[in-house]
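S.K.: next comes the sequence, and after it the predicted model I'd like to discuss.
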Amino acid sequence: MSEKQIRVLVAKPGLDGHDRGAKVIARALRDAGMEVIYSGLRQTPEQIVAAAVQEDVDVVAMSLLSGAHNHLFPKVVKLLAEEGSEDVLVLGGGVIPDADIPYLKENGIAEVFTPGTPTGKVIEYIKNNVRQA
Amino acid sequence: MELVQKALKGNRRAIARLISITENEEKEAVTALREMFPLTGKAHIVGITGPPGSGKSTMTDKLVKELRKRGKKVAILAVDPASPFSGGAILGDRVRMSDLNLDEGVYIRSLSTRGKLGGLSKATHYAVKILDACGFDYIFIETVGVGQSEVDIIKTADSILVVTVPGLGDDIQAIKAGILEIGDIFIVNKADRDGANRVVIELEMMLGLNAEKDEWDHPILMTVASENKGIIEVVESVIRHKEHLDKTGLLGKRRRERLETEVLELVVQNMARYVNEKFVKGGSFQEEIDKLVRKENDPYTLVQSILADTVK
């Protein structure tokens, strides 16, 4: 009998083409037994949310290194809510200045992981905070 | 079920939830599928299979765009393998289809095999039924990258496209049994590479040798999917194959056979689950095995008594 597996969309919003961090996270989550859908580069918030809805993911994990996080991350949260998917856990990662983190959290980003975070910490956070079916 | 009603009206979140419910075999799964089954049978189901890296996702993306131009609603099920160690998976087929994300007439779902061999996941059958009932005209199923024996797609698809590329091996590869026997349409992708003509000739030979002739001509087409070359011809062949299946009555025959297989598989799955729950987890399984170890009983008698109990 299949067990419920955590489904995660790993997405790269914005215009930077650096997906090494996203791929490391994708691989770590896979090794933790999760099903990871990888979006590919340069996705708009609308594309990310469409993919999240169609894939019925529990988590959207975004990685961004271009500096546009204060605009793009909250936009994803807002669009998810419009689709009725406000129970999806939204995480941010990448080069995010500490000063921006409170703003992101106020706008629905559950947690922000900056460079150097051990992957184990991200996995633990997801397991503890994901929606219960 | 409310969720079913929403899905039938085209709500993608509801469709996505229903697929998850069946994939996880949640309690409501049977109720939902029961409601939807009478509405199925209208979609044309296209399987795309072939070795890893042959361009299945790119091909799917391009074929779907062509069908969208013709006003068809299309769903895509993209299956990727689960890790045998962690059970996790990286499902990366969407990367090649990201322009389709925002098209209201397209629904894309990635599925992990969840440990099932054969090139599809157990949930694929269910997802196809849900999408069919929800009114998609075409459902594309992209299998995992297959070798020679992952032929489960014949249990699900009406038309099967086998995608191959130049440079995989000599002609002995082509006469091996397996995926080359199940194709309705053969596609030599990346045909701008050296050796494409030779692959076509090898496929022609292999198909010419097939003892069982039918009226379908098994077209072999050359494409460069990344440049959109040859895509219209593939779409035309799919439509022609669909008409051929209708005209000859093969469609009904194939679908009937598939129902037979599906029922038998579900019976086996459900019995296995029942036995597992009743005996292995909750019953006297270990004591029965102890008896076998002590030679007080034999496995064959034990199996018969378990089965007798299951069906009573």
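M.R.: Perfect, I can see it now.
S.K.: quick one: the strands in chain A, in order.
M.R.: A:7-11, A:35-38, A:59-64, A:89-94, A:111-113 (DSSP state E).
S.K.: run through who's touching the second one.
M.R.: Contacts made with strand A:35-38 from outside it, assessed by CB atoms under 8 Å, 6 or more residues apart in numbering or on different chains, are listed as A:5-10, A:22-23, A:26, A:29-30, A:51, A:55, A:57, B:82, B:88-92, B:94-95, B:110, B:112. All C-beta spots, glycine's among them, are computed from the backbone N, C-alpha and C.
S.K.: again with the shortest one
M.R.: For strand A:111-113, contacts defined as CB under 8 Å, 6+ apart pick out A:91-93, A:96, A:101, A:104-105, A:121-122, A:125, A:129.
S.K.: for ChimeraX, what selects the buried ones among the residues you listed?
M.R.: Buried residues among the contacts of strand A:111-113 (16 or more other CB atoms under 10 Å in any protein chain shown), as a ChimeraX selection:
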select /A:91,92,93,96,101,104,122,125
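S.K.: in the stretch 201-312 of chain B, what residue comes closest to chain A?
M.R.: Closest to chain A within the stretch 201-312 of chain B is residue B:273: 5.6 Å, counting by CB to the nearest CB.
S.K.: element containing that residue?
M.R.: Using DSSP states H and E, residue B:273 sits in helix B:250-275.
S.K.: elements contacting that helix?
M.R.: In terms of contacts (3 or more CB pairs under 8 Å, 6 or more residues apart in numbering or on different chains; DSSP states H and E), helix B:250-275 is packed against helix B:231-248, helix B:299-311.
S.K.: just give me the lowest mean pLDDT stretch among those.
M.R.: Among the helices and strands packed on helix B:250-275, helix B:299-311 carries the lowest mean pLDDT, a mean of 87.
S.K.: what residues sit buried inside that helix?
M.R.: B:302, B:306.
S.K.: got the CA positions of it in CSV?
M.R.: What follows is helix B:299-311, C-alpha atoms only, in CSV (Å, rounded to 0.1, in the frame of the first residue of the first chain):
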residue,chain,number,x,y,z
PRO,B,299,4.3,-23.7,2.5
TYR,B,300,1.8,-25.1,-0.1
THR,B,301,-0.8,-26.1,2.5
LEU,B,302,-0.3,-22.8,4.3
VAL,B,303,-0.9,-20.8,1.1
GLN,B,304,-4.0,-22.7,0.4
SER,B,305,-5.5,-22.1,3.8
ILE,B,306,-4.6,-18.4,3.6
LEU,B,307,-6.3,-18.2,0.2
ALA,B,308,-9.4,-20.1,1.4
ASP,B,309,-9.7,-17.6,4.2
THR,B,310,-9.3,-14.6,1.9
VAL,B,311,-12.1,-15.6,-0.5
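S.K.: helices or strands up against it?
M.R.: Against helix B:299-311 (3+ CB pairs under 8 Å, 6+ apart) you get helix B:250-275, helix B:285-293.
S.K.: so it versus helix B:285-293, what angle?
M.R.: Counting by axes from the mean of the first three to the mean of the last three CA atoms, to 10 degrees, helix B:299-311 lies at 150 degrees to helix B:285-293.
S.K.: quick one: mean pLDDT over stretch B:88-101.
M.R.: Mean predicted confidence for stretch B:88-101 is 84.
S.K.: now do stretch B:33-40
M.R.: Across stretch B:33-40, pLDDT averages out at 96.
S.K.: and it with chain A, contact?
M.R.: No. Stretch B:33-40 is not in contact with chain A by CB under 8 Å from any CB of the partner chain; minimum separation 15.0 Å.
S.K.: list the buried residues in that stretch.
M.R.: Neighbour-count burial for stretch B:33-40 [16+ other CB under 10 Å]: B:33, B:35-36, B:40.
S.K.: sorry, back to before: quick one: closest of the strands of chain A to residue B:297.
M.R.: With CB to CB as the measure, strand A:35-38 is the member of those nearest residue B:297 (42.0 Å).
S.K.: please tell me how far the spatially closest residue to residue B:40 that is not a sequence neighbour sits from residue B:181.
M.R.: Spatially, and ignoring its direct neighbours in sequence, residue B:40 is nearest to residue B:132 (4.3 Å; CB to CB, 6 or more residues apart in numbering or on different chains). With distances taken as CB to CB, to the nearest Å, residue B:132 is found 26 Å from residue B:181.
S.K.: neighbour-wise, which of the two wins?
M.R.: More neighbours surround residue B:132 than the other of residue B:132 and residue B:181, with 21 against 16 (other CB atoms under 10 Å in any protein chain shown).
S.K.: for the more buried one, give me its contacts.
M.R.: B:39-43, B:45, B:139.
S.K.: export the lowest-mean-pLDDT helix or strand in chain A as CSV, just CAs?
M.R.: For chain A, scoring each helix and strand by mean pLDDT, DSSP states H and E identifies helix A:20-31 as the least confident one, at a mean of 92. In CSV, the C-alpha atoms belonging to helix A:20-31 read as follows (Å, rounded to 0.1, in the frame of the first residue of the first chain):
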residue,chain,number,x,y,z
ARG,A,20,23.1,24.7,-8.3
GLY,A,21,21.6,25.4,-4.9
ALA,A,22,18.2,24.4,-6.1
LYS,A,23,19.6,21.1,-7.5
VAL,A,24,21.5,20.3,-4.3
ILE,A,25,18.2,20.9,-2.3
ALA,A,26,16.2,18.8,-4.8
ARG,A,27,18.6,15.9,-4.4
ALA,A,28,18.7,16.1,-0.6
LEU,A,29,14.9,16.1,-0.5
ARG,A,30,14.8,13.1,-2.8
ASP,A,31,17.2,11.3,-0.6
